[in-house]
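Trainee: Dropping the sequence and predicted coords here.
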Amino acid sequence: MERETLKFVIVGHVDHGKSTLIGRLLYDTGSLPDEKIEEIRKFCEALGKDIEFGYVMDHLEEERDQGITIDTAQIFFNSAKRDYVIIDAPGHVEFVKNMITGASLAEAAILIVDAEEGVREQTKRHAYILGMLGLSQVIAVINKMDLVGHRKERFDEVKRDLLKFLDGIHISPGQVIPISAKNGENVAKGSDSMGWYTGPTVLQALDLLRPKPGAADHPMRFVVQDVYNFSKRIVVGRVESGVVSAGDPLLILPSREKTTVKSIEEFLRTPASAEAGKAVGITTAEKVFVDRGNVLVPPGPPHPSVTNTIRANIFWMDRRPSGPGEVFRFRCATQEAACRIETIHAIRDSSSLETISRDGGEIRNREVADVTLKTEKDVVIEDFNLTEALGRFVLARQDTCAGGIITGFSA
Amino acid sequence: MIVVLAIDALELALVEAFQPVHLMQKFHGRTDISEFSLPRTMVLWSSFMTGANKEKVVLADGDKEMWNYRFDPEETLFSAFRDPVVIDLPGFSYDLAQHEEERRLLKAFFEAGDDGKKEEVRKAYNDHAFRHHREIKKKFQDAVAGDHDFVLGYFSIADVIGHLNFGNRMLMRMIYRDLDEIAASVKVPKIILSDHGMQAIGIFGDHSGYGFWSSGTADLGTPRITDFRRIIEGMQKG
């Protein structure tokens, strides 16, 4: 039987021990070669310190830079229960970009806080982003407990501050765990120094998470990338969710024309069906107009929405600010349309979460805005939790300047 | 207190590749050292501390003798401070014996006949450099914890290790991380400055024709290394 995989991300302040926790998880689960550990130990000795698991990240990054590791942003390990993928994002802007563009989609998150320093601005910013991206499965870890004498009082204090903040943004962590990633306490093994803590270790807490239901269980959505006219007319695209089979009736959005799948086309074969994640070609029984950006769905509900008015949370990632009136490229799956911000309902500082009121309604770098967008033509969109590819988008000038999650739409 | 981390051969390209946030600070960039005929460590640090191009003065007695040159404190920016601590800076408080031994081992490496001997010398060279680095780090952290109005720590590890090991990216990455941790431990305003960077010559490293700076408060553009006397004295005046 195929083992289950769960993807998660570790977020938090840059100095609160993310790299050390990743290194420790890899070490304690036997995911690192002995010779590499020995090499790191020698370097650490030369620099006058005990082995530091943060250096494991250096090793992984070096392998990436040298092309030894094919994957550019994922780190693998496993527990007895399942396989894990840590999606590595160097900063929160990259993390949001990855999540919104679909480069790497996390199903859960570990939010890390330094026991000595407590909740910092960057902690809040990252937590806010988790909420915005709809990541509801969160484990909070209070790291560096060794630096505060493993004291329960300090843990309770930081935990109280953290939960108060998280409650305000509707995040309820499944666990709050006191750890020392450096010493391996409560990461994969328990801690003699924190006998007062009786909850799960980080690894046990990860095993308690639920993987997201697979896209194959959702209604079929086929996003058209191109149309080729060979001896037959082939509509090429990707099955974003569900399964498409020869003989299935289809509704083409946004035109609402109907047809039937005549065949599924892969290179030198014609399979009977294709499931979520597959890039395939489709031929149709009738000659219908289909174009890049169209979405093929079953005729029955639930349907995605076809609209030119979209309510969304956008995260601004460009030094140059913007506001109502400026025209962008709206990109969602393979759809592209000119668009402008019609209304800014609210702007928040992604760190302090304070609402910002500003003349002219300008959105600046690293701010989050609740906006209504108007596209020049109808686009096909859907709830992010149902079909991720149709529920997230980017706005672009020359380059991407904002990412967004759709929160509502009017037909 | 004002702190300067004077890091020999801190290379802008590696900083940007490894992203050590505390070395980068809020603003960082390259320095212009094009007025010098070659990127010589001794000449560049001398020019930094005096605020003037000291190439002719330092080289007056030749390449070998330049390491013996010592500037009077009154000629340097340190005279502007009440109780400055300047650790191991070439041309001022440099540990001559330590660095002469580095150069001797470096020469021995290139003169070694076979690979086995070369590796033996490389190990001795690296061990020697790391031992010195640990000592400097301790002195620097003690000074920063003290009641001084100015502390400068000169860290030669990236240069010394880089000359023989620049192609070992893992090793260079770990050195940059260690330097980043040192920078992170300084909680007062600091300037991070290198004399020059480093470029790869196969596995080895050679000086590049620009330096590195970073600041937590101001975008300095592309300053000359001689500009830092004025910049630091300006920081002192607030």
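Mentor: That came through, no problem.

Trainee: show me where chain B has strands.
Mentor: Using DSSP state E, the strands of chain B run over B:2-7, B:27-32, B:84-87, B:150-155, B:190-193, B:198-201, B:204-207, B:210-215.

Trainee: right, and those strands - which one's nearest chain A?
Mentor: strand B:150-155 (11.9 Å; CB to the nearest CB). Using the backbone N, CA and C atoms, a C-beta is placed for each residue, glycine as well.

Trainee: Quick one: distance of that closest one to the chain centre.
Mentor: With CA atoms, centre = their mean, to the nearest Å as the basis, strand B:150-155 stands 9 Å off its chain's centre.

Trainee: And that strand, what does it pack against?
Mentor: Strand B:150-155 sits against strand B:2-7, strand B:84-87, helix B:115-145, helix B:169-184, with contacts defined as 3 or more CB pairs under 8 Å, 6 or more residues apart in numbering or on different chains; DSSP states H and E.

Trainee: interface residues of the stretch 1-150 of chain A facing chain B?
Mentor: By CB under 8 Å from any CB of the partner chain, the residues of the stretch 1-150 of chain A that approach chain B are A:14-15, A:39, A:43-44, A:46-48, A:54-55, A:58-59, A:61-62, A:65-66, A:90.

Trainee: Quick one: buried ones out of those residues?
Mentor: Listed as buried from the residues of the stretch 1-150 of chain A next to chain B are A:14-15, A:39, A:43-44, A:46-47, A:54-55, A:58-59, A:61-62; burial here means 16 or more other CB atoms under 10 Å in any protein chain shown.

Trainee: ok, A:G17 to A:V11 distance?
Mentor: Here A:G17 is placed at a distance of 12 Å from A:V11 (CB to CB, to the nearest Å).

Trainee: same check, this time on A:T198
Mentor: On the measure of CB to CB, A:T198 and A:V11 end up 26 Å apart.

Trainee: Comparing the two, which shows the higher neighbour count?
Mentor: A:V11 (25 against 7; other CB atoms under 10 Å in any protein chain shown).

Trainee: tell me the secondary structure for that one?
Mentor: Secondary structure for A:V11, judged by DSSP: H, G, I helix; E, B strand; the rest coil, is strand.

Trainee: nearest spatial neighbour of it, skipping sequence neighbours?
Mentor: Nearest residue to A:V11, sequence neighbours excluded (CB to CB, 6 or more residues apart in numbering or on different chains): A:H126, at 3.9 Å.

Trainee: Could you check the pLDDT of that neighbour?
Mentor: pLDDT recorded at A:H126 is 84.

Trainee: and it, how many neighbours?
Mentor: Applying other CB under 10 Å, we find 26 residues neighbouring A:H126.

Trainee: I'd like to know how far it sits from chain B.
Mentor: For A:H126, the distance to chain B (CB to the nearest CB, to the nearest Å) stands at 15 Å.

Trainee: go on, A:V394?
Mentor: Per CB to the nearest CB, A:V394 is found 23 Å from chain B.

Trainee: Need the residues that contact the host helix or strand of that residue.
Mentor: Assigned by DSSP states H and E, A:V394 falls within strand A:392-396. Contact partners of strand A:392-396, identified using CB atoms under 8 Å, 6 or more residues apart in numbering or on different chains, comprise A:99-102, A:312, A:314, A:328-332, A:339, A:381, A:384, A:400-406.

Trainee: Can you say which of these are buried?
Mentor: Neighbour-count burial (16+ other CB under 10 Å) applied to these gives A:99-100, A:312, A:314, A:328, A:330-332, A:339, A:381, A:384, A:400-406.

Trainee: and residue 42, what pLDDT?
Mentor: This is for chain A. What the model reports as pLDDT for A:K42 is 86.

Trainee: ah, I was thinking of chain B
Mentor: For B:M42, the pLDDT comes out at 95.

Trainee: is stretch B:5-22 anywhere near chain A?
Mentor: Yes: counting by CB under 8 Å from any CB, chain A is contacted by stretch B:5-22 at B:17-19, B:21.

Trainee: mind saving the C-alpha coords of that stretch as PDB?
Mentor: C-alpha atoms of stretch B:5-22 as PDB (Å, rounded to 0.1, in the frame of the first residue of the first chain):
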ATOM      1  CA  LEU B   5      32.900  44.000  12.200                       C
ATOM      2  CA  ALA B   6      35.900  44.200   9.900                       C
ATOM      3  CA  ILE B   7      35.700  41.000   7.900                       C
ATOM      4  CA  ASP B   8      38.500  40.200   5.500                       C
ATOM      5  CA  ALA B   9      37.300  39.000   2.100                       C
ATOM      6  CA  LEU B  10      33.600  38.900   2.900                       C
ATOM      7  CA  GLU B  11      32.200  38.400  -0.600                       C
ATOM      8  CA  LEU B  12      29.000  40.200  -1.700                       C
ATOM      9  CA  ALA B  13      28.100  37.400  -4.100                       C
ATOM     10  CA  LEU B  14      28.300  34.800  -1.300                       C
ATOM     11  CA  VAL B  15      26.400  37.000   1.100                       C
ATOM     12  CA  GLU B  16      23.600  37.300  -1.400                       C
ATOM     13  CA  ALA B  17      23.700  33.600  -2.200                       C
ATOM     14  CA  PHE B  18      23.700  32.500   1.500                       C
ATOM     15  CA  GLN B  19      21.400  35.300   2.800                       C
ATOM     16  CA  PRO B  20      22.900  35.700   6.300                       C
ATOM     17  CA  VAL B  21      20.400  38.400   7.400                       C
ATOM     18  CA  HIS B  22      22.500  39.800  10.200                       C
END
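
Trainee: Using neighbour counts, pick out the buried residues of that stretch.
Mentor: B:5-12, B:14-15, B:18, B:20, B:22.

Trainee: Just flag the most distant two among these.
Mentor: In the buried residues of stretch B:5-22, two members sit farther apart than any others by CB to CB. They are B:A6 and B:F18, at 19.4 Å.

Trainee: ranges for the strands of the stretch 151-300 of chain A?
Mentor: Counting by DSSP state E, counting those that start in this stretch, the stretch 151-300 of chain A has strands at residues A:175-178, A:221-229, A:233-241, A:243-245, A:249-253, A:257-265, A:273-275, A:279-284, A:295-297.

Trainee: Please identify the most buried of these.
Mentor: Of these, the one with the most neighbours on average (mean count of other CB atoms under 10 Å in any protein chain shown) is strand A:295-297, at a mean of 25.

Trainee: mean confidence score for that one?
Mentor: pLDDT averaged over strand A:295-297 gives 96.

Trainee: now the strands for the stretch 301-411 of chain A?
Mentor: Secondary structure of the stretch 301-411 of chain A by DSSP E, counting those that start in this stretch: the strands cover A:305-316, A:327-332, A:335-349, A:367-381, A:392-396, A:400-410.

Trainee: follow-up on the earlier one: just put the strands of chain B in CSV and tack on mean pLDDT.
Mentor: Putting these into CSV (pLDDT from 0 to 100) gives the following:
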stretch, mean pLDDT
strand B:2-7, 97
strand B:27-32, 96
strand B:84-87, 97
strand B:150-155, 97
strand B:190-193, 97
strand B:198-201, 92
strand B:204-207, 92
strand B:210-215, 97
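
Trainee: In JSON lines: these, plus distance to A:F222.
Mentor: Putting those into JSON lines (distance: least, CB to CB, whole Å) gives the following:
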{"stretch": "strand B:2-7", "distance to A:F222": "55"}
{"stretch": "strand B:27-32", "distance to A:F222": "47"}
{"stretch": "strand B:84-87", "distance to A:F222": "66"}
{"stretch": "strand B:150-155", "distance to A:F222": "58"}
{"stretch": "strand B:190-193", "distance to A:F222": "53"}
{"stretch": "strand B:198-201", "distance to A:F222": "49"}
{"stretch": "strand B:204-207", "distance to A:F222": "53"}
{"stretch": "strand B:210-215", "distance to A:F222": "50"}
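
Trainee: For A:E354, find the nearest of these.
Mentor: The closest of the strands of chain B to A:E354 is strand B:27-32. By CB to CB, the value is 26.1 Å.
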